[in-house]
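Colleague: I'd like to go over a predicted model; first the sequence, then the structure.
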2 protein chains.
Amino acid sequence: MSKKTKVNASILIIGNEILSGRTQDTNTNTLALWLNKIGVKVEEVKIIPDVEEKIVNSVNTMRKLYNYVFTTGGIGPTHDDITAQSIAKAFNLDYEIHKEGYKILEKYYKPGEFNEGRQKMIWMPKDAKLILNPTSGAPGFSVENVFCLPGVPSILKSMIGGLTNKIVGGDPILSKTVSLKTVESEIANSLTNVQKNNTDVEIGSYPFFHAGKLGVSIVIRSENEKKINICHDQILEFVKEKKIEIVNRD
Amino acid sequence: MSKKTKVNASILIIGNEILSGRTQDTNTNTLALWLNKIGVKVEEVKIIPDVEEKIVNSVNTMRKLYNYVFTTGGIGPTHDDITAQSIAKAFNLDYEIHKEGYKILEKYYKPGEFNEGRQKMIWMPKDAKLILNPTSGAPGFSVENVFCLPGVPSILKSMIGGLTNKIVGGDPILSKTVSLKTVESEIANSLTNVQKNNTDVEIGSYPFFHAGKLGVSIVIRSENEKKINICHDQILEFVKEKKIEIVNRD
């Protein structure tokens, strides 16, 4: 893939445990922070249950809409782990034992321990590319622009390092934050004007209440540093005029 | 709405800050736990940016597919808060000042403080029903089966109490968890058999690593307690047979 200015992605979180509230998803945040850093903008996240039809349909929609799709969950050894077979179905590929993956797990486990349950973890779509797993052996895999990762956050994190050279990002998305001791409604109109004057910069306004402090963080985001700075100066202008205290900048 | 056995919902998280990784979403978990408790099964979550077209399309798809839709985010006073106008567009309703909402905020603020920025928070789809906000005045709202809540987690939490009597849940979804000192691949086949014998019960298998302990939690979920118990007994049977230690039950 040649270098593009704008590269986007979507994330598909697969797992009943997130939808029931049993588990708090943190993989979206881990992936979003990493992707943002390498110049890939996450434009959609979907959380769906372990249901083949939903996985197939979601993957087939997303892989056409976005440069990259990342799935998490459903690649373990139990009956509710159906991501690999669903991806095979989505791409109309055979679902079979991955030879290279087999060799990796054969070495990883002690003799006699590489049982049928564990072998399920290297059943993959035909010719899938492996994503190595330095934590617990069983690899993830990719087919075309779809990258399938495990649901356990610590394992997922350990696999990201090996993934970075497979993803070609665009210009990194830069940001600047100004945190103010004010409330949103005091600055809403001024901020609207700044946004109108800088239509290709993304300005977000986020109230915060923490450590007994109340305020608003304004986040300016763009691939273009100059545009961020122009926008930033315009914000500082009305902040000064309104005599609002700046709490913190980064 | 008359009482149904199965009632479902979807959640639409609106906000660039979640997609950029700046903010970790926790509202999905809060809503999922609450809905689960009142017998509403969350079947899909989508996280999208503050873009009108995406909000309109997502809401219009979801409101037809699910009994309830809950949105979070985008109902504050700033330029990037476009949920209310997008919902109006989705339902083809006028976007206007909500009279009852206006009165609430007029009382909430000191004289002279109810400025244009704050007034934006009670611009809503025509005839929207208010969702009262005990924390910070500005109400959420609902139109038909779509309920719009704020993005700030503490405010969202404070509004759930007032929502419960507006949502008619189905039979509560019950669950039983057995946590085992084992790894998934040791029990995968046995668990597959139990799932095959109990097709209308949802059995999830979740490895855990915490406080230096490694194990698997098996979660059995159904509206029918009897069916859960049958499934539970079958699991305990193979656990005993395999001499696996039970760490914890609930």
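Modeller: Structure received.
Colleague: mind checking if the longest helix along chain A is in reach of chain B?
Modeller: Scanning chain A for the longest helix, with DSSP state H as the assignment, gives helix A:225-241. No. Helix A:225-241 does not reach chain B (CB under 8 Å from any CB of the partner chain); its nearest approach is 12.3 Å. Where C-beta positions appear, they are placed from N, C-alpha and C, glycine not excepted.
Colleague: any residue of the next helix or strand after that helix touching chain B?
Modeller: Using DSSP states H and E, the helix or strand that follows helix A:225-241 in sequence is strand A:245-249. No. Applying CB under 8 Å from any CB, one finds strand A:245-249 out of contact with chain B, separated by at least 14.3 Å.
Colleague: now swap in stretch A:189-199 and tell me
Modeller: Yes. Against chain B, stretch A:189-199 shows contacts by CB under 8 Å from any CB at A:189, A:191-192, A:195.
Colleague: nearest to residue A:146, of these?
Modeller: Residue A:146 lies nearest to residue A:195 out of the residues of stretch A:189-199 next to chain B, by CB to CB, at 34.9 Å.
Colleague: where does the closest one land in three-state SS?
Modeller: Under DSSP: H, G, I helix; E, B strand; the rest coil, the three-state class of residue A:195 is helix.
Colleague: break chain A into its domains for me.
Modeller: What the record gives for chain A is the domain set A:7-166, A:174-249, from automatic domain parsing.
Colleague: residue B:224: which of those domains is closest?
Modeller: domain A:7-166 (16.2 Å).
Colleague: how long is the closest one end to end?
Modeller: Domain A:7-166 has an end-to-end distance of 14 Å (CA to CA, to the nearest Å).
Colleague: avg pLDDT for it?
Modeller: Averaging pLDDT along domain A:7-166 gives 96.
Colleague: and stretch A:171-178, by the same measure?
Modeller: Rounded mean pLDDT across stretch A:171-178 is 91.
Colleague: please name the bridge partners of residue A:69.
Modeller: Following DSSP bridges, residue A:69 is listed with bridge partners residue A:10, residue A:146.
Colleague: please report how far it lies from chain B.
Modeller: 14 Å (CB to the nearest CB, to the nearest Å).
Colleague: coming back round to it: which of the domains of chain A is buried the deepest?
Modeller: domain A:7-166 (a mean of 19; mean count of other CB atoms under 10 Å in any protein chain shown).
Colleague: and the residue lying closest to residue A:7 once chain neighbours are set aside, helix, strand or coil?
Modeller: Closest residue in space to residue A:7, ignoring its immediate chain neighbours: residue A:170 at 3.9 Å, by CB to CB, 6 or more residues apart in numbering or on different chains. Put simply, residue A:170 is coil when judged by three-state DSSP.
Colleague: try residue A:62
Modeller: Taking three-state DSSP, the label given to residue A:62 is helix.
Colleague: now do the contacts for it.
Modeller: A:10, A:12, A:44, A:46, A:69 (CB atoms under 8 Å, 6 or more residues apart in numbering or on different chains).
Colleague: name the nearest residue to residue A:45, sequence neighbours excluded.
Modeller: Here the residue nearest residue A:45, using CB to CB, 6+ apart, is residue B:47, at 3.8 Å.
Colleague: surely that neighbour is in contact with residue B:17?
Modeller: No. Applying CB atoms under 8 Å, one finds residue B:47 not in contact with residue B:17, separated by 10.4 Å.
Colleague: and residue A:246, how far is that from residue A:182?
Modeller: Between residue A:246 and residue A:182 the distance is 10 Å, computed by CB to CB, to the nearest Å.
Colleague: which of the residues of stretch A:189-199 next to chain B sit farthest apart?
Modeller: Farthest pair in those, by CB to CB: A:189 and A:195, 10.8 Å.
Colleague: so what's residue A:143 up against?
Modeller: A:87, A:91, A:93, A:125, A:127-129.
Colleague: which among these gets closest to residue A:205?
Modeller: The closest of these, once distances to residue A:205 are taken by CB to CB, is residue A:87, at 38.8 Å.
Colleague: would you map the strands across chain A?
Modeller: A:7-14, A:40-48, A:68-72, A:95-97, A:123-125, A:129-133, A:137-143, A:146-149, A:174-181, A:202-210, A:213-222, A:245-249 (DSSP state E).
Colleague: those into JSON lines, with extra columns for distance to residue B:176?
Modeller: Listed next are these as JSON lines, based on distance: least, CB to CB, whole Å:
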{"stretch": "strand A:7-14", "distance to residue B:176": "23"}
{"stretch": "strand A:40-48", "distance to residue B:176": "23"}
{"stretch": "strand A:68-72", "distance to residue B:176": "26"}
{"stretch": "strand A:95-97", "distance to residue B:176": "32"}
{"stretch": "strand A:123-125", "distance to residue B:176": "30"}
{"stretch": "strand A:129-133", "distance to residue B:176": "31"}
{"stretch": "strand A:137-143", "distance to residue B:176": "28"}
{"stretch": "strand A:146-149", "distance to residue B:176": "29"}
{"stretch": "strand A:174-181", "distance to residue B:176": "45"}
{"stretch": "strand A:202-210", "distance to residue B:176": "37"}
{"stretch": "strand A:213-222", "distance to residue B:176": "43"}
{"stretch": "strand A:245-249", "distance to residue B:176": "47"}
